[in-house]
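J.: one predicted model, sequence on top.
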Amino acid sequence: MGTINQDANTPGRPRRFVGPAAGEAGLARSVPADQDEIRPLRAEIGEWLEGIGADDAARDGVVLCVWEALTNAVEHGSLAGDKVDLSLTASRDGSLVAEVGDQGRLLERKPEPHRGHGMVLMRSLMNDVELGNDDLGTTVHMRMLPKTTDVA
């Protein structure tokens, strides 16, 4: 998932994401772990993806998966006062990489029959999904590869 870097916007706070390399577009945010705080990110992510030229299917899939990961970070991995980190990168190879991290403890919630399908959803829409947990918290790393066209 990359090396741990220091987030220049939050002194003393470790960051798990490498972020974009030279020549790559990126978006990074760190916000309080609260539904009201993450809500504006959904539109911002969509606008950023549109700005880099992502097609509608890629934009919709990435927005949905990142939103699911952000919501999970708030609900399952965060306590009051924690932060949720987001990193999006448009790689030079055309892939989109999304990382969502919390300071979390993988908090268990009471199972509900209509919930609990977030990881299945992410794995169905993204090409790669990894879930990691360490002393810094939990990170979801997702990657969508560029579409290829079949040549007959």
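T.: Arrived safely. Numbers count the residues shown, from 1 in each chain.
J.: can you say which helix or strand has Leu49 in it?
T.: helix 35-51 (DSSP states H and E).
J.: I'd like the distance from that helix to the chain centre, please.
T.: 11 Å (CA atoms, centre = their mean, to the nearest Å).
J.: list the buried residues of that helix.
T.: Buried residues in helix 35-51, defined by neighbour count with 16 or more other CB atoms under 10 Å: 38, 41, 45-46, 48-49. Quick note: C-beta positions are derived from backbone N, CA and C, even for glycine.
J.: same check, this time on stretch 83-95
T.: Within stretch 83-95, the residues that count as buried by 16+ other CB under 10 Å are 83-91.
J.: pLDDT score for Leu79?
T.: Per-residue confidence (pLDDT) for Leu79: 80.
J.: Phe17 too?
T.: At Phe17, pLDDT is 61.
J.: if we can go back for a sec, which among the buried residues of helix 35-51 gets closest to Leu121?
T.: The closest of the buried residues of helix 35-51 to Leu121 turns out to be Ile45 (CB to CB; 15.9 Å).
J.: how about the closest one, what does it touch?
T.: Residues counted as contacts of Ile45 (CB atoms under 8 Å, 6 or more residues apart in numbering) are 27, 62-63, 66-67, 86, 88.
J.: so what's the closest residue to Glu37 other than its chain neighbours bridging to?
T.: Nearest residue to Glu37, sequence neighbours excluded (CB to CB, 6 or more residues apart in numbering): Val31, at 4.6 Å. Val31 forms beta bridges with Val84, as assigned by DSSP bridges.
J.: my guess is Val31 contacts Val74, does it?
T.: No - counting by CB atoms under 8 Å, Val31 does not reach Val74; the two are 9.7 Å apart.
J.: just to revisit the earlier point, what is the nearest of the buried residues of helix 35-51 to Asp135?
T.: Ile38 (23.2 Å).
J.: quick one: that closest one and Ser78, what's the gap?
T.: 10 Å (CB to CB, to the nearest Å).
J.: for the nearest residue to Cys65 once chain neighbours are set aside, grab phi and psi.
T.: Counting by CB to CB, 6+ apart, Cys65 lies nearest to Met122, which is 4.6 Å off, once chain neighbours are set aside. Phi and psi for Met122, reported as degrees, to the nearest 10, are phi -60, psi -40.
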